[in-house]
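A.B. asks: Below: sequence and its predicted model.
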Amino acid sequence: MAGLKYRGAVGIAETMAAQVVTGAPAGLFERVELVPVPLSARRRRRRGFNQAERLAEALARRTGLRVNDCLERTGAGRPQVGRDRTERLAAIDGTIAVRLRAPPPPRALLVDDVLTTGATLGACAAALRAAGSR
């Protein structure tokens, strides 16, 4: 994961996707669209790609599912690394939204490269639910 995220080794996404698909519970990939967790515009420019989007694309190739890049970061997007759970929850609050002109899917499967406290995924899920997605 660190190779993908910090060193640009985008090929690692294929290995990660293979592991996810192999270990996924039955039914996980039924009637859903893959929604990558968004990066801030600044971080995406600096990194040159969104690692969650690369992972979602690799999963799509293995499952035949559609990638729906319907979420965006709306805040300044300070890194979550090094923060405790309380700080992560406060920092992410209100910084994820559904893009205008990018309707969310009826059922979404969020894709991110790492899960620490769940703060970012929770914010993404809340934005999707508020827009009518499950």
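C.D. replies: Everything's here; your move. Residues are numbered from 1 along each chain as shown.
A.B. asks: Might one say that Val20 is in contact with Ala56?
C.D. replies: No: the pair Val20 / Ala56 is not scored as a contact, 10.4 Å apart, by CB atoms under 8 Å. All C-beta atoms are positioned from the backbone trio N, CA, C, and that covers glycine.
A.B. asks: what residue ranges in the chain are flagged as low confidence?
C.D. replies: The chain contains residues with pLDDT under 70 at 1-10, 75-83, 85, 88-91.
A.B. asks: And the residue nearest the centre of it?
C.D. replies: By CA atoms, centre = their mean, the chain has its centre lying nearest to Val37, at 2.2 Å.
A.B. asks: which residues touch that one?
C.D. replies: Val37 is in contact with 52, 71, 110-112, 120-121, 124, counting by CB atoms under 8 Å, 6 or more residues apart in numbering.
A.B. asks: Please repeat the previous calculation with a cut-off of 10 Å.
C.D. replies: By CB atoms under 10 Å, 6 or more residues apart in numbering, the residues touching Val37 are 50-53, 55-56, 71, 73, 96, 110-114, 120-121, 123-124.
A.B. asks: And Arg73, by the same measure?
C.D. replies: With contact taken as CB under 10 Å, 6+ apart, Arg73 is in contact with 37-44, 92, 95-97, 120, 123.
A.B. asks: Mutual contacts of Val20 and Ala56, please.
C.D. replies: Joint contacts of Val20 and Ala56 (CB under 10 Å, 6+ apart) are Val111.
A.B. asks: Settle it for me: which of those two has more neighbours?
C.D. replies: Taking other CB atoms under 10 Å, Val20 and Ala56 do not tie; Ala56 has more neighbours (27 against 17).
A.B. asks: rewinding a little: can you select the buried ones among the contacts of Arg73 for me in PyMOL?
C.D. replies: Burial among those is assessed by 16 or more other CB atoms under 10 Å; the matching PyMOL selection reads:
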select buried, resi 37+38+39+40+44+92+95+96+97+120+123
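A.B. asks: hmm, back to that, what about the contacts of Val37, which are in strands?
C.D. replies: 71, 73, 96, 110-111 (DSSP state E).
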